[in-house]
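>>> Following is a predicted model, sequence given first.
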Amino acid sequence: MKKIILGLLFSLSISLAYAQVPVYRLSSHILDVSTGLPAQNVTVKLEKLNESNQTWASVDQKRTDQNGRISNFLEETKSEKGIYRLTFLIADYFKSKKTESFYPFIEVVFQIKDEKHYHVPITLSPFGYSTYRGN
């Protein structure tokens with residue numbers, strides 16, 4: 001009987017531990033293809049389009065980590081379907097590399113249509129970029 005009770009308590013504690021870990025709907029990643037390295041410390045702004053008046057509302061702003069990633073945009077419990085814009089502020093990144101670039105920032109507009117995870121990465125060089133829906 002003690003083993004059953006201890007097993008149930010253990011299962012409950014594991015369930016509670018996992019329940020407290022937030023899950024995010026949106027992530028991003030920047031890879032500088034001119035160096036083959038992640039773009040660290042780049043500010044990325046997230047906005048959502050108010051479709052009734054066609055204005056953008058700020059949702060969040062973060063910086064890429066040492067791996068060029070932001071993994072925690074739009075907590076799953078708070079996210080909504082809609083049209084979003086990620087703005088990658090890359091001018092300072094290239095200035096820190098003493099490299100001229102053509103783009104001061106990059107805007108990527110996309111639509112969240114369902115409850116799935118969305119990953120919006122960019123590959124970047126001083127004179128070009130590409131984006132796609134990742135996983």
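All right, it came through fine. Numbers count the residues shown, from 1 in each chain.

>>> so how far is Asp114 from Glu80?
Between Glu80 and Asp114 the computed distance is 12 Å (CB to CB, to the nearest Å). Bear in mind the C-beta positions are built from the backbone N, C-alpha and C, glycine included.

>>> and the spatially closest residue to Ile30 that is not a sequence neighbour, how far is that from His119?
Excluding the flanking residues, the one nearest Ile30 by CB to CB, 6 or more residues apart in numbering is Ala39, at 3.9 Å. Distance, Ala39 to His119, using CB to CB: 16 Å.

>>> more neighbours, those two?
Ala39 (23 against 14; other CB atoms under 10 Å).

>>> Thought Ser28 was touching that one, still the case?
No: Ala39 is not in contact with Ser28 according to CB atoms under 8 Å; the separation is 10.7 Å.

>>> Tell me where the chain has strands.
For the chain, applying DSSP state E gives strands covering 24-32, 37-38, 43-50, 55-63, 69-75, 82-89, 106-112, 118-125, 128-131.

>>> Go through these and name the closest to Lys95.
strand 82-89 (11.1 Å; CB to CB).

>>> Between strand 118-125 and the closest one, find me the angle.
Going by axes from the mean of the first three to the mean of the last three CA atoms, to 10 degrees, strand 82-89 is angled at 30 degrees with respect to strand 118-125.

>>> Strand 82-89 - contacts with which helices or strands?
Under the contact criterion of 3 or more CB pairs under 8 Å, 6 or more residues apart in numbering; DSSP states H and E, strand 82-89 touches strand 24-32, strand 43-50, strand 106-112, strand 118-125.
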